[in-house]
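> Okay, here's the prediction I keep looking at, along with the sequence it came from:
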Amino acid sequence: MAGATSRWGVRHGRHRARHRNPQGPVHRTPPRGGWETGPVAFPSTPATAIAIDPARGRILAALNSPFWGVSIVMSDDAGRTWSEPAKEADAAPVAFPPSTGTSLRDIWQLRLSPTEPGVVYAGVEPAALFRSEDGGHSFHLVQGLWDHPHRPTWHPGGGGLCLHTVLPHPTDPRTLTVAISTGGVYRTGDGGETWEARNKGIRADFLPEDPYPEYGQCVHKVDLHPERPGRLFLQHHGGVYRSDDDAASWTRIDGGLPADFGFPIAVHPHRPDTVYVLPLHADADRSPAGHRYQVCRSDDAGGTWRPLTEGLPDGPCHASVLRDAFCTDQGDPAGIYFGTRDGCVYAGRDDGESWTEVVRHLPDVLCVRAAVL
């Protein structure tokens, strides 16, 4: 699903293909056929976050209507029809308590818990975390992060003060990692009661008086592989990093990339050492490095990088790719997808070795999610 206002899906063939991954288990994935583009579901309403629950066939989407504000909608039929639980309950699903004196501006992340059925997390602007225990019908503020003593020092970046990354631990429901722009990486090991900054080794060139602060970094996105949750990959405002110790420290790994700036980063669904980035020019330009889309892949945890461009436009391209407009599915070979700010969505059905333009002329694509259903 593309996170502007469009939905689209894979048309699978009749037979199931069997693929063997030399670095992991055998996976059975339906062969990907052609692409079908569905009708626009919410015209002129940005969809800022999407989550897919393949087990239930459910899609959750966060909308931000210029007239009705922020809402969460659900679909149980692959986006053909939608419901809005808040209308049924006559209450906003995500709202700050009146005691905070704060209003919700956007929901930038919806994430399902891998260990607790019915638990959904929402990362919002201004930077805060909400938790739902009823599948996304209602949410409550995670007070421990809201009351964190670092909060007064967090300042909005170019995209606002947003909590954009939520990474539940794959086996421990009490452990959760989040990332905030511009706060940095924070982790809890006690279910959200207390939070610790985890930014050691991340350089903040925009803070020359203290280039390695404990917090205040402009982290753009973080990802991990569930089979190796102690290793995380991070795209910063300047630099790509890897942590091998549960985010306690970070090492820079962007040598060989055409640019160290970018928004998205994604780990391959079956190979923990394989990671993808999409380099951009920094700051005022924020267009693809060299004005050409280059999805760069490392198969050795950031030791070396290789550009994957077959099937992508030769250029010049000037539209950016945002942090959640890039994703993978669970297929094998993996499907890799990204959407652009000029309304195009590209898919690489073979681990990103080659690309197909799925759709064009959409609105600004803010979020892309894909799943094998």
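Right, received. Where do you want to start?
> Report the contact partners of Asp134.
Counting by Cβ atoms under 8 Å, 6 or more residues apart in numbering, Asp134 touches Gly118. All C-beta spots, glycine's among them, are computed from the backbone N, C-alpha and C.
> Helix, strand or coil: sort out it for me.
Following DSSP: H, G, I helix; E, B strand; the rest coil, Asp134 is assigned to coil.
> Over to Thr48?
Using three-state DSSP, the structure places Thr48 in strand.
> and it, how far is that from Ala128?
Noted for Thr48: a distance of 15 Å to Ala128, by Cβ to Cβ, to the nearest Å.
> Kindly report the same for Asp299.
From Asp299 to Ala128 the distance is 37 Å (Cβ to Cβ).
> same question, Asp134
19 Å.
> got any ranges where this structure has weak pLDDT?
Within the chain, the segments meeting pLDDT under 70 span 1-33, 86-91.
> which residues in the stretch 1-150 of the chain form helices?
85-89, 143-146 (DSSP state H, counting those that start in this stretch).
> all strands of the stretch 251-373 of the chain, in order?
All strands of the stretch 251-373 of the chain, identified by DSSP state E, counting those that start in this stretch, fall at 251-252, 265-267, 275-277, 295-298, 306-308, 326-328, 336-339, 345-348, 356-359.
> Ok, the stretch 51-200 of the chain next?
Using DSSP E, counting those that start in this stretch, strands in the stretch 51-200 of the chain cover 58-65, 69-75, 106-112, 120-125, 128-132, 140-141, 162-168, 176-181, 184-188, 196-197.
> strand partners of the fifth one, parallel vs antiparallel please.
Sheet pairing here is set by DSSP bridges, and for strand 128-132 it gives strand 120-125 (antiparallel), strand 140-141 (antiparallel).
> now the first one
Strand 58-65 has its sheet partners listed here by DSSP bridges as strand 47-53 (antiparallel), strand 69-75 (antiparallel).
> How about the contacts made by Gly256?
By Cβ under 8 Å, 6+ apart, the contact set of Gly256 is Thr304, Trp305.
> what's the spacing between it and His268?
Taking Cβ to Cβ, one finds Gly256 at 18 Å from His268.
> Can you give me the buried ones in stretch 151-168?
Going by neighbour count (16 or more other Cβ atoms under 10 Å), the buried part of stretch 151-168 is Trp154, Gly157, Gly159, Leu161, Cys162, Leu163, His164, Thr165, Val166, Leu167, Pro168.
> just to revisit the earlier point, now the strands of the stretch 51-200 of the chain in JSON lines, with distance to Ala319?
Shown next, in JSON lines, are the strands of the stretch 51-200 of the chain (distance: least, Cβ to Cβ, whole Å):
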{"stretch": "strand 58-65", "distance to Ala319": "21"}
{"stretch": "strand 69-75", "distance to Ala319": "25"}
{"stretch": "strand 106-112", "distance to Ala319": "20"}
{"stretch": "strand 120-125", "distance to Ala319": "23"}
{"stretch": "strand 128-132", "distance to Ala319": "30"}
{"stretch": "strand 140-141", "distance to Ala319": "35"}
{"stretch": "strand 162-168", "distance to Ala319": "20"}
{"stretch": "strand 176-181", "distance to Ala319": "20"}
{"stretch": "strand 184-188", "distance to Ala319": "28"}
{"stretch": "strand 196-197", "distance to Ala319": "34"}
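> Apart from its chain neighbours, what residue comes closest to Thr102?
Leaving aside its chain neighbours, Thr102 sits nearest to Phe96 (4.3 Å; criterion: Cβ to Cβ, 6 or more residues apart in numbering).
> for Val119, same thing?
Closest to Val119 by Cβ to Cβ, 6+ apart is Ser113, at 3.7 Å.
> circling back: and among the strands paired with strand 58-65, the most buried is which?
strand 47-53 (a mean of 24; mean count of other Cβ atoms under 10 Å).
> In contact with Ile52, which residues?
Met1, Arg58, Ile59, Leu60, Arg369, Ala370, Ala371.
> what sits against the third one?
This means Ile59. Counting by Cβ under 8 Å, 6+ apart, Ile59 has contacts Met1, Ile50, Ala51, Ile52, Asp53, Met74, Ser75, Ala78, Gly79, Arg369.
> Just the closest of those to Val178, please.
Ala51 (15.3 Å; Cβ to Cβ).
> With adjacent residues omitted, what lies nearest to that closest one?
Ala51 sits nearest to Leu110 (Cβ to Cβ, 6+ apart), 3.9 Å away.
> I figured the one you found hits Phe139, correct?
No: taking contacts as Cβ atoms under 8 Å, Leu110 lies outside contact range of Phe139: 10.2 Å.
> for the strands paired with strand 58-65, which one sits closest to Pro213?
Among the strands paired with strand 58-65, strand 47-53 comes nearest to Pro213, with 28.0 Å by Cβ to Cβ.
> Now do that closest one and strand 106-112, the angle between them.
With axes from the mean of the first three to the mean of the last three Cα atoms, to 10 degrees defining the directions, strand 47-53 sits at 10 degrees from strand 106-112.
> what angle do strand 47-53 and strand 162-168 make?
Using the same axes, to 10 degrees: strand 47-53 against strand 162-168 is 10 degrees.
> what are the C-alpha coordinates of strand 47-53, in PDB please?
Output of strand 47-53 as PDB, limited to C-alpha atoms (Å, rounded to 0.1, in the frame of the first residue of the first chain):
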ATOM      1  CA  ALA A  47      -1.900   8.800   4.900                       C
ATOM      2  CA  THR A  48       1.100   9.400   7.200                       C
ATOM      3  CA  ALA A  49       1.500   5.800   8.600                       C
ATOM      4  CA  ILE A  50       0.400   2.300   7.700                       C
ATOM      5  CA  ALA A  51       0.700  -1.100   9.400                       C
ATOM      6  CA  ILE A  52      -0.300  -4.500   7.900                       C
ATOM      7  CA  ASP A  53      -1.200  -7.500   9.900                       C
END
